[in-house]
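Engineer: one predicted model, sequence on top.
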Amino acid sequence: MVLEINVSRKTKVIAGIITIVYILIQVFQTYVINHLPSTHSLTDELLQGSENLNIWRALLLLLSFFGLIYMFFVICSYNLRYRFIPTIYAFIGFTFFCFSELFLRSIELFYIQIHLPQLFKMTTDINEQKTLLTIFTNFQSIQYALYFPLMLFPAIASFVLAFNFNRTHNINYLIISALTFNGIRTILRIIGMYLNINIFDFLVGNMYVVFVVLIFGPIAFWLLKVKE
C-alpha cells in the first residue's frame, strides 16, 4: 500500500508564504553582510558576531530552516502518489540538509556569536583570549568541512525530485526547473569551494541572494497557484 497525503490548498498557500518569508530573510542577510563594517583582524571578526544586527540575521536564518522543512514536506507530499520511493529519498535529503543547518546554525548563534564574544570581553588574559580565538577558527574549519555533505545531500535530492516530479500539469515545470537549477548551482558551489576554482565565486556574495530569488521565487509561485 502506497502512503498518500492529501495536500490541501490552504497547506500549499501557507508553504508559499513561508517560502516568500525565507526569500526576504535571505535579502535581509545580504543587507546585513553588506552594511557591517569591514573586519581587519580575527578579534574584530569574532566580536562582530555579537552585533545586534548580526544576531538578528543569524536568528532569523536559523528559524527559516523550520519553514523550509515544512515547504519541502508540502512539495514532496504532493508528489508522493506520482513517484513514491524517489520522493521519499528526496525528502530525506532535504530534511538532512535542514536539520544539519539547524544544528550548525544553533551552535554558531548561541555559542560562537553570543557566548564566545562575551567571554572574550570579560577576560584580559592574553592566553585565554588566544584560546577563544582558536575555538573560533576551529569552528570555522569544522563548518567548512561539514558543508560538503550538507550541500551534497540537497543537491542530489533536488535532481532526484526534479527528475521524478509530476509532469501532468504545465505549472509543475516551475518546480522541476527550480529544483534542477538548485542542484546545478549547489554542485558548482561544491566544486568551487573544495577544488578552489575561482570561476564559481559568483555563486556566493551579493549574487547569492539573486540565485535564492530565482530558485525559491518560482517555488513560492507554484505553491500559491497550483490547484490540484
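Structural biologist: It's in. Because the structure is a prediction, the values reported are computed rather than measured.
Engineer: how about the helices in this protein?
Structural biologist: Listed in chain order, the helices found in the chain under DSSP state H are 9-35, 42-48, 52-79, 84-106, 116-122, 126-163, 173-194, 206-225.
Engineer: residues of the second one that come out buried?
Structural biologist: Read that as helix 42-48. Within helix 42-48, the residues that qualify as buried by neighbour count (16 or more other C-beta atoms under 10 Å) are Leu46, Leu47, Gln48. C-beta: built from backbone N, CA, C; applies to glycine.
Engineer: so where is this protein shaky, pLDDT-wise?
Structural biologist: 1-5, 228 (pLDDT under 70).
Engineer: again, only using 50
Structural biologist: Under the criterion of pLDDT under 50, the regions of the chain flagged as low confidence span 1.
Engineer: could you report the neighbour count for Trp56?
Structural biologist: Here the neighbour count serves as a burial measure; for Trp56 (other C-beta atoms under 10 Å) it reads 13.
Engineer: how near is it to Gln113?
Structural biologist: Between Trp56 and Gln113 the computed distance is 11 Å (C-beta to C-beta, to the nearest Å).
Engineer: likewise Val21?
Structural biologist: Taking C-beta to C-beta, one finds Val21 at 22 Å from Gln113.
Engineer: so those two - more neighbours on which side?
Structural biologist: Neighbour totals were compared for Val21 and Gln113, and Gln113 leads with 23 against 15 (other C-beta under 10 Å).
Engineer: you'd agree the more buried one is up against Ile55?
Structural biologist: Yes. In this structure Gln113 lies within contact range of Ile55 using C-beta atoms under 8 Å: 6.3 Å.
Engineer: between the two, what contacts are shared?
Structural biologist: Here Gln113 and Ile55 share the contacting residues Gly49, scored by C-beta atoms under 8 Å, 6 or more residues apart in numbering.
Engineer: could you dump the buried residues of helix 42-48 to CSV with distance to Leu36?
Structural biologist: Written out in CSV, the entries for the buried residues of helix 42-48 read as follows (distance: C-beta to C-beta, whole Å):
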residue, distance to Leu36
Leu46, 13
Leu47, 11
Gln48, 6
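Engineer: from those, which is closest to Ile14?
Structural biologist: Within the set of those, Gln48 lies nearest Ile14; the separation is 35.4 Å, counting by C-beta to C-beta.
Engineer: mind listing what the closest one touches?
Structural biologist: Residues in contact with Gln48 (C-beta under 8 Å, 6+ apart) are Leu36, Pro37, Thr39, Asn54.
Engineer: redo that, cut-off 10 Å
Structural biologist: Counting by C-beta atoms under 10 Å, 6 or more residues apart in numbering, Gln48 makes contact with Leu36, Pro37, Ser38, Thr39, Asn54, Gln113, Pro117.
Engineer: could you check how far the nearest residue to Trp222 once chain neighbours are set aside is from Ser77?
Structural biologist: Nearest non-adjacent residue to Trp222, counting by C-beta to C-beta, 6 or more residues apart in numbering: Leu174, 4.4 Å away. Between Leu174 and Ser77 the computed distance is 17 Å (C-beta to C-beta).
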